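**Q** model the following, please.
(chains A and B)
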There are 2 protein chains.
Amino acid sequence: MDNSKSQVVGQSYIRCLIDKTNEDWINLAIANPLEILLDHAHCERKAAGVALQLMFRYVSEPGLSEVLSPLAREELEHFERVLSILNARGKKLQKLESPPYAGILVKNIRKDEPLRMLDSFLVAGLIEARSHERMKLLSIHSPDVELSNLYADLLKSEARHFGIYWKLADERFERNTINLRLEELAKVESDALVKMHHEPRMHS
Amino acid sequence: MDNSKSQVVGQSYIRCLIDKTNEDWINLAIANPLEILLDHAHCERKAAGVALQLMFRYVSEPGLSEVLSPLAREELEHFERVLSILNARGKKLQKLESPPYAGILVKNIRKDEPLRMLDSFLVAGLIEARSHERMKLLSIHSPDVELSNLYADLLKSEARHFGIYWKLADERFERNTINLRLEELAKVESDALVKMHHEPRMHS
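**A** Numbering: from 1, shown residues only, chains lettered A, B, ... in the order given. Model prediction:
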């Protein structure tokens, strides 16, 4: 698949999100910019961790490390960029209680291969798609110019990430199998966000 | 500590290796260039994993992620570079049985904090120091110009990595405590290599 085609698939992948983020989340996020920024730093760090974990688990899978290693590097680059803004604003990197979101999705990854691999790609892709949707909202609604520009900037490369996970699935599984499972997992994903987490998070 | 000082510390850190690599290892490595290259790819991947693991474990430790994230990115960049040479030579990334080396070192990391942190930095640093020593040998002795140049190139940045781990320790622990423990762990490290592993590995 060439790059342009991968981008088109990526675009349609965003449309896989069943429920759009509502205004309550936007209001909570905009009212707590530094907490969201801190949580976003953790998201970038964790996204790098997911890519590396898949590289470790499927170490002999042809063509996997070739795309996940640069993806992990890019996530770390974003992490460092967010961290430097946090530091400049006197906010330290500290632990944040995670919302149940990622845990719910991970629990839905089936245990047996190759289903585990397919689900892992789709869950990682769905999280990237949701991050992308919410970063776009932050870039539009944030009154803080530095943060608005940051999210707009990060978006550009994040847009490729769910395309990468989609492509990893598409190269290894039947399109029909992928679509059916994606629909199920997208339902889990949207349901995980129905009851908004009480603290401001990227995936609350 | 400024960069130049960190480099000096880094240089002296190489001298912490108690036993130098002997000719038997060099001969085995030079006779099996692709297997060593493949193992080296795994080493770079694992080194990125170690940095990320420390970032996850000590997420609130000030100044840690700031240096380990770029280090992880650099290891991944090296991994990709080695992987592309492997691919170009028709060798796939596949699992290799690991020699006992890293496992022996990790077993010597004490369980209680802050000792665990100190030992983790020193063990990571010692592995970097040994990799550096052996990559230098490969760059000198390899008759394959592409590989010789590769190792010589990677060396330049690897030289900074044990300096980074040293500095992480030096900023948080008494110099005397570090030196005493480093001496003990360096003994473990050299002893782990006394009986050469039967297969060609970076740390056999």
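
**Q** who in chain A is up against chain B?
**A** When proximity is defined by Cβ under 8 Å from any Cβ of the partner chain, chain A lies next to chain B at A:42, A:45, A:48-49, A:52, A:55-56, A:59-60, A:62, A:65-66, A:69-70, A:72-73, A:76-77, A:79-80, A:83, A:87, A:92-95. Any C-beta I mention is one placed from the backbone N, CA and C, and that applies to glycine too.

**Q** the residue sitting nearest the centre point of chain A: which element?
**A** Residue closest to the average C-alpha location in chain A (Cα atoms, centre = their mean): residue A:128, at 2.2 Å. Assessed by DSSP states H and E, residue A:128 sits inside helix A:115-141.

**Q** pLDDT below threshold where in chain A?
**A** For chain A, the stretches with pLDDT under 70 are A:1-14.

**Q** give me that answer again for 50
**A** A:1-11 (pLDDT under 50).

**Q** before we move on, back to that, which parts of the helix holding residue A:128 are buried?
**A** Buried residues in helix A:115-141, counted by 16 or more other Cβ atoms under 10 Å in any protein chain shown: A:117-132, A:134-139.

**Q** how far does that helix sit from its chain's centre?
**A** 3 Å (Cα atoms, centre = their mean, to the nearest Å).

**Q** now stretch A:74-83
**A** Going by Cα atoms, centre = their mean, where stretch A:74-83 is centred and where its chain is centred differ by 14 Å.

**Q** what's the angle from the helix or strand containing residue A:34 to helix A:115-141?
**A** Assessed by DSSP H and E, residue A:34 sits inside helix A:33-57. Taking axes from the mean of the first three to the mean of the last three Cα atoms, to 10 degrees, one finds helix A:33-57 and helix A:115-141 inclined to each other by 160 degrees.

**Q** buried set for the following helix or strand past helix A:33-57?
**A** Remark: after helix A:33-57, the chain's next helix or strand is helix A:65-88, criterion DSSP H and E. Within helix A:65-88, the residues scored as buried using 16+ other Cβ under 10 Å are A:65, A:67-80, A:82-83, A:85-86.

**Q** which other helices and strands contact the following helix or strand past helix A:65-88?
**A** Sequence order places helix A:101-107 as the next helix or strand after helix A:65-88, per DSSP H and E. For helix A:101-107, the packing partners by 3 or more Cβ pairs under 8 Å, 6 or more residues apart in numbering or on different chains; DSSP states H and E come out as helix A:115-141, helix A:175-191.

**Q** closest to residue B:165 out of the ones you listed?
**A** helix A:115-141 (30.0 Å; Cβ to Cβ).

**Q** and the angle for the very next helix or strand once past the closest one with helix A:33-57?
**A** As assigned by DSSP H and E, the chain's next helix or strand after helix A:115-141 is helix A:145-170. Computed by the same axes, to 10 degrees, the angle separating helix A:145-170 from helix A:33-57 equals 20 degrees.

**Q** what helices and strands are in contact with helix A:145-170?
**A** So helix A:145-170, by 3+ Cβ pairs under 8 Å, 6+ apart, packs with helix A:3-14, helix A:33-57, helix A:65-88, helix A:115-141.

**Q** so which bits of it are buried?
**A** Buried, per 16+ other Cβ under 10 Å, within helix A:145-170: A:147-148, A:150-151, A:154-155, A:158-170.

**Q** re the thing from before, which of the helices and strands packed on helix A:101-107 sits closest to residue B:33?
**A** The nearest among the helices and strands packed on helix A:101-107, by Cβ to Cβ, is helix A:115-141 at 32.0 Å.

**Q** if I pick the residue nearest to the centre of chain A, what's in contact with it?
**A** Residues near residue A:128 by Cβ atoms under 8 Å, 6 or more residues apart in numbering or on different chains: A:47, A:158, A:161-162, A:165.

**Q** do residue A:145 as well
**A** No contacts exist for residue A:145 under Cβ under 8 Å, 6+ apart.

**Q** same check, this time on the one 3 residues further on
**A** Each residue near residue A:148 by Cβ under 8 Å, 6+ apart is listed here: A:138-140, A:142.

**Q** burial measure for residue A:44, as a count.
**A** 24 (other Cβ atoms under 10 Å in any protein chain shown).

**Q** do the same with residue A:15
**A** Quick note: residue A:15 (other Cβ under 10 Å) scores 9 neighbours.

**Q** swap in residue A:90?
**A** Neighbour tally, residue A:90, other Cβ under 10 Å: 7.

**Q** from residue A:34, how far off is it?
**A** 9 Å (Cβ to Cβ, to the nearest Å).

**Q** if we can go back for a sec, so which bits of the helix holding residue A:34 are buried?
**A** A:33, A:35-55.

**Q** can you check what angle separates it from helix A:65-88?
**A** 160 degrees.

**Q** in chain A, what residue sits furthest out from the centroid?
**A** Chain A, Cα atoms, centre = their mean, max distance from centroid: residue A:90 (26.2 Å).

**Q** can you give me the distance of that one to residue A:200?
**A** 19 Å.

**Q** next: residue A:95.
**A** On the measure of Cβ to Cβ, residue A:95 and residue A:200 end up 15 Å apart.

**Q** more neighbours, these two?
**A** residue A:200 (22 against 9).

**Q** neighbours of the closest residue to the more buried one other than its chain neighbours, how many?
**A** Of all residues not flanking residue A:200 in the chain, residue A:32 sits nearest, at 3.9 Å (Cβ to Cβ, 6 or more residues apart in numbering or on different chains). Residues within reach of residue A:32, counting by other Cβ under 10 Å, total 15.

**Q** equivalent analysis for residue A:93, please.
**A** Residue A:93: 23 surrounding residues under other Cβ under 10 Å.

**Q** wait, what's in contact with the closest residue to residue A:135 other than its chain neighbours?
**A** Sequence neighbours aside, residue A:151 is the residue nearest to residue A:135 in space, at 4.6 Å (criterion: Cβ to Cβ, 6+ apart). Residue A:151 makes contacts with A:135-136, A:138-139, A:142, as judged by Cβ under 8 Å, 6+ apart.
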